[in-house]
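The following comprises the amino acid sequence and a computationally predicted model.
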Amino acid sequence: MPKKKQRSRKSQKASGSGSRRPAREKAQEKAQEKAVLLYHDMAVYENFERCARRVFEVLRNAERQMPGKPRHLFLRVQGHRNDAGGFDHDAMEIIRNFAMEFLLPYLTRLTTPFHTLGNNHPQRNDVPEELQISYPEIPENPENPENPGEGAGFWYDVDLLPLRPRGSTENDRKTAPKLAAIADYLGMDPACLVCWGTPVERAHAVPSSLGGSMDVRNFALLCPDHHRQAPDIADAEAFWAWVDYAEIRDSGSKWNGAAPEVQEWVRAHGGRTEPKDRGEMEFLAAVRFELQHLYGWADADFEGMSWDLLQEYHQVLDAATGRHFGVEKKVATHAWAYHIARRRLAKRRGETGPLPPDHPWTGTWPVP
């Protein structure tokens, strides 16, 4: 299991040593000792939606299991840096808009990478049953640069099939960063982001053949097996969504070397502790499985497949995917191409679905 690097802590000296502390301070400390401590590390593969849903689930479960207890949330961020070296848009939204504005009223204290905040009001315990997330509208006139619409730049352009990196596409590096540099950016020991296995390899989020840069933000750490499974596509956010999905799909492989009591705890909380072999799954069956569990396709979506969809699928393959390791058929690449092809057709027909078209993977669906 990969271990996060220890963050340095400045020593803190107690103020007023030897003097009697105010009763209010003692009461706060006593309340803090009995607080429920919640923790979430926003993984590099999480976007705003998946991170927000998971943190909210932790909060809701804490209130259900220990109603009314003071809650202290520790929020950390892995990667998610912008061109200037600060946190990117998704991370800043999680910290400022979601944690500080929405979550803090349901907490006693909140610790973010920036500061620790106390709730100046009594902690609310009426945690909503569901988290509602709104999305920018898809631009109605994406071809009009003077009026691109509110959602321009948020959704992947299924018509143009452009390169969509995370961070800048311009980078002076001519060679890939070392494994140690990627691990340092991620704040972890070198291990696979999916299964925690070693050794690891550098995996492009967007391959260089499709315009991906040598920026450290364009790399993941994956074991050889998951590197060979990862999609070779032009959309970095879809690549990271696949890593998130694969991390849940193959969660059982993480606990091979764990102590028996740890494995028992994982199983007691609904997790798997045994790897599941999917190597014998036939190619088209594997693509169907991924379309169902990563992209949310229903049986009716497969029944409605047509010649038009196949034509769009091949156009997407030619324009926005690549090949890696000489692998002609990568399940993850072809599943993404089918999904984007279906979105292209749906957009032309004016159809919309119940799920956000750009981020169908919410990170909360079970993967059998």
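In hand now; what should we look at? Numbers count the residues shown, from 1 in each chain.

so where is this protein shaky, pLDDT-wise?
Where the chain drops to pLDDT under 70, the residues are 1-33, 136-154, 168-171, 325-327, 352-366.

mind redoing it with 50?
Counting by pLDDT under 50, the ranges of the chain that qualify are 1-19, 141-142, 145-151, 354.

got the residue ranges for the helices in it?
Ranges of helices in the chain, per DSSP state H, are 23-33, 48-65, 89-92, 179-186, 224-229, 236-249, 260-268, 283-293, 299-303, 307-320, 331-349.

Residue 72: which of the ones you listed is closest?
Among the helices of the chain, helix 23-33 comes nearest to residue 72, with 7.0 Å by C-beta to C-beta. For every residue, glycine as well, the C-beta is placed using N, CA and C.

circling back to that earlier point, reformat the helices of the chain as a markdown table; add mean neighbour count and distance to residue 164.
As requested, those are exported to a markdown table (neighbours: other C-beta atoms under 10 Å; distance: least, C-beta to C-beta, whole Å):
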| stretch | mean neighbour count | distance to residue 164 |
| --- | --- | --- |
| helix 23-33 | 11 | 43 |
| helix 48-65 | 18 | 16 |
| helix 89-92 | 18 | 13 |
| helix 179-186 | 17 | 20 |
| helix 224-229 | 18 | 21 |
| helix 236-249 | 23 | 6 |
| helix 260-268 | 12 | 35 |
| helix 283-293 | 17 | 20 |
| helix 299-303 | 10 | 24 |
| helix 307-320 | 16 | 10 |
| helix 331-349 | 21 | 12 |
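
what would these look like in JSON lines with distance to residue 196?
As requested, the helices of the chain are exported to JSON lines (distance: least, C-beta to C-beta, whole Å):
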{"stretch": "helix 23-33", "distance to residue 196": "32"}
{"stretch": "helix 48-65", "distance to residue 196": "18"}
{"stretch": "helix 89-92", "distance to residue 196": "23"}
{"stretch": "helix 179-186", "distance to residue 196": "13"}
{"stretch": "helix 224-229", "distance to residue 196": "11"}
{"stretch": "helix 236-249", "distance to residue 196": "9"}
{"stretch": "helix 260-268", "distance to residue 196": "13"}
{"stretch": "helix 283-293", "distance to residue 196": "21"}
{"stretch": "helix 299-303", "distance to residue 196": "33"}
{"stretch": "helix 307-320", "distance to residue 196": "30"}
{"stretch": "helix 331-349", "distance to residue 196": "20"}
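
Go through those helices and name the closest to residue 133.
Of all the helices of the chain, helix 48-65 sits nearest to residue 133, with 5.7 Å by C-beta to C-beta.

Next, the angle from that closest one to helix 236-249.
Calculated by axes from the mean of the first three to the mean of the last three C-alpha atoms, to 10 degrees, helix 48-65 forms an angle of 40 degrees with helix 236-249.

Thank you, goodbye.
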